[in-house]
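Peer 1: Just the structure for this:
(chains A and B)
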Amino acid sequence: MKHVKTINVGTLKASLAKPGCKECANSCQSACKTSATVANLPCEHN
Amino acid sequence: MKIHKYRIFDKNIVIDVNSGAIHVVDDVVYDCLDYYETKSKKEIVELLSDKHSRESILEALEEIEYLVKENMLFTEDFYKEIVLNDKSPSYIKAMCLNVAHDCNLKCKYCFASEGSYEGKRSLMSAEVGKKAIDFVIKNSGYRHNIEIDLFGGEPLMNFDAVKEIIEYAKEQEKIHNKNIRFTITTNATLLNDEIMDYIDKNMGNVILSIDGRREVNDNIRVRYDGSGTFDAILPKIKKMVEKRDKNKQYYVRGTFTHENIDFYNDVVFLLDQGFNEISIEPVVLEDENPLAIKKEDLPVIFEQYEKIAKELIERKKEGKGFKFYHFNIDINGGPCVYKRVSGCGAGYEYVAVTPEGDIYPCHQFVGKEQFKLGNVFDGRIDEKLSKEFKDAHIYNKPKCMNCWARFYCSGGCQANNYSFNGDIHEPYDLACEMMKKRIECAIAVKVFEEEN
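Peer 2: Next comes the predicted model:
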C-alpha cells in the first residue's frame, strides 16, 4: 500500500480461540504497587 | 469509538480499537479517516480538496476500504456478548500478603498511613500467612500459576515470618502441583547481604522503591525524624541489582507527585545509576493534598512521557535499551481478550490479606469494612461482593465503552474509581488521561522498533 504501513494486523479477535486460562500474571492497575497496564502482560497459555 | 488516531514524533499512528491492528499512515489517510464512516467519497474529496489531490484522496480511500474488509480498520466489537454470557467460575490465583502493617518510614504520600492502613500497627504471624497460602491454593481451581506479593508497610520488618511462609508455600506447591511466584516490594532500608541473597533466590520479582534524584526522594521518602533516605538506600539498591540473577526480574520503582512533574529527569537519573528496569508512577492522593497530581499538571506530564519514549528509542538505537515498565506493551501478542476485558481481577481472582487474616478485594480496599470479603481462618468469601467485582468489567463501565484504550487498560483501578467517584464502575479521570498518554507513547516506541 502507498499510504498505509500496517505495523501489526491485530491479535484480539484471534485470541478468542484461546481458552481464557488466566495463567498470566495479575495486573495491578493502581499506582501504589508497580502497576501493570493489562496489555503489558505476556500470554502464558501453553 | 472504533479507531484512535494521533500524531507523535512526526508520525500518524492509527489504532483499530477492536482488532488491535496498528497502522502508520500518511496525511491523506489521516484526514480521510475523519469522514470515512459518515461521508460519501464525493463529499470527502470536496472536503479535503484544499489539502490533498483528488487522485491521492481516492487512493487513500481505496486503501482504507481494503483494511476495513480485512478487519483491520473500523472493526466492530466482537466480544461483548461473549463476555456478558460468560458463566465460567472464577478462581483466586493472586494474593497480596500484607505481611507488615507497619513501616520504618513515613513517606508523605503513603496511601497506607505509614503502613498501618488506618488500623493498629501489626505484623502477620507465620500462622496467618500459612492459612493464606492454604486459602489461595484451595481457591485456585485448575490454575497452575499462583502469584503472591509480599507487601506492607515494609515487609522486611517481618522477615522471619516471610521466610517461614515461603518455606511452607514451597512445600504446598509441590503437593498441589502449583507454581507459586513471589514478588516483594521493599523500601530497601533493611536490605543486607543475607536478605539480598534470600530475595534473589526466592523472589520472581523484587520492587525496590526510590523516587529518583536525591532532592526528589528526600522530599518525600523520609524517616520518622524527617531525615531523607536517599544516601542509605541507593547503595543497597545498587547492590541488590548487581546481585540479581540476570534471568530474573527487578524494578527500581518511584512515584512522582505534583512536586516533581519533571519526572523524566528522575528516569534519566536512575538510568545513569546503572538501572535498566525502571518504573515511575503517578501518585494517587485526594485532590486537597498538596502532593496530588492536578489536571493542570497534565500537559507537563504528557511531555515527560514523550521524552521518556524518545529516550528509550534513542538508547535502543545505541544498543543501550532499558525497560520503562509502562511502555512494555506487546503489540504482537499480549493477553487474550478474556483477560483484557476483566482487568486486575480484584475481588474474584486477586485478593489482599491483612495480618489478622482478613480478606479484601485488594490492598487498596484494606480497612474499608464494607469491602471485607472474609477471613482466611473461615475460608469462605462473600460471593455476592466478589461477583460485584467480577461484573465490574469494561462492558459495565459506560465511560470505558467510549474509550479507545479499553483493551489496553481494562477499566482502570477499581479502588481509585471508588475513592474518587464512590463507584468502582466510574473511572478516575486523571488516571485515564495519563494511562492513554502512556499507551500512545508505548505504541509509538513499538512502531519505531518494528520499523527499524
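Peer 1: Provide a list of residues in contact with the closest residue to residue B:414 other than its chain neighbours.
Peer 2: Once flanking residues are discounted, residue B:414 sits nearest to residue B:424: 4.3 Å by Cβ to Cβ, 6 or more residues apart in numbering or on different chains. All C-beta spots, glycine's among them, are computed from the backbone N, C-alpha and C. Contacts for residue B:424 (Cβ atoms under 8 Å, 6 or more residues apart in numbering or on different chains) come out as B:388, B:389, B:392, B:414, B:415, B:417, B:418.
Peer 1: Pretty sure the first one sits against residue B:361.
Peer 2: This points to residue B:388. No - Residue B:388 sits out of contact with residue B:361 when judged by Cβ atoms under 8 Å, with a separation of 9.2 Å.
Peer 1: Same drill for the two, tell me which one is more crowded.
Peer 2: residue B:361 (30 against 18; other Cβ atoms under 10 Å in any protein chain shown).
Peer 1: Nearest the geometric middle of chain A, what residue?
Peer 2: residue A:39 (3.9 Å; Cα atoms, centre = their mean).
Peer 1: how deep is residue 1 tucked in, by neighbour count?
Peer 2: Using chain A here. 15.
Peer 1: think we crossed wires, I meant chain B
Peer 2: So residue B:1, with other Cβ under 10 Å, has 11 neighbours.
Peer 1: Does the closest residue to it other than its chain neighbours lie in a helix or a strand, and which?
Peer 2: Nearest residue to residue B:1, sequence neighbours excluded (Cβ to Cβ, 6+ apart): residue B:404, at 5.0 Å. Residue B:404 belongs to no helix or strand when assigned by DSSP states H and E.
Peer 1: With residue B:50 instead?
Peer 2: Using DSSP H and E, no helix or strand contains residue B:50.
Peer 1: Quick check, pLDDT for the closest residue to residue B:277 other than its chain neighbours.
Peer 2: Spatially, and ignoring its direct neighbours in sequence, residue B:277 is nearest to residue B:323 (4.7 Å; Cβ to Cβ, 6+ apart). If you check residue B:323, the pLDDT there is 93.
Peer 1: got a list of what residue B:323 touches?
Peer 2: Residue B:323 touches B:276, B:277, B:278, counting by Cβ under 8 Å, 6+ apart.
Peer 1: What of residue B:397?
Peer 2: B:411, B:425, B:426, B:427.
Peer 1: what about the second one, how many neighbours?
Peer 2: Per other Cβ under 10 Å, the neighbour tally for residue B:425 reads 19.
Peer 1: Distance of it relative to residue B:90?
Peer 2: To residue B:90, residue B:425 is 18 Å away according to Cβ to Cβ, to the nearest Å.
Peer 1: Likewise for the third one?
Peer 2: Using Cβ to Cβ, one gets 23 Å for the distance from residue B:426 to residue B:90.
Peer 1: Count the neighbours of residue B:99 for me.
Peer 2: Residue B:99 has 31 neighbours, counted by other Cβ under 10 Å.
Peer 1: If anything else comes up later, I'll come back, but that's it for now.
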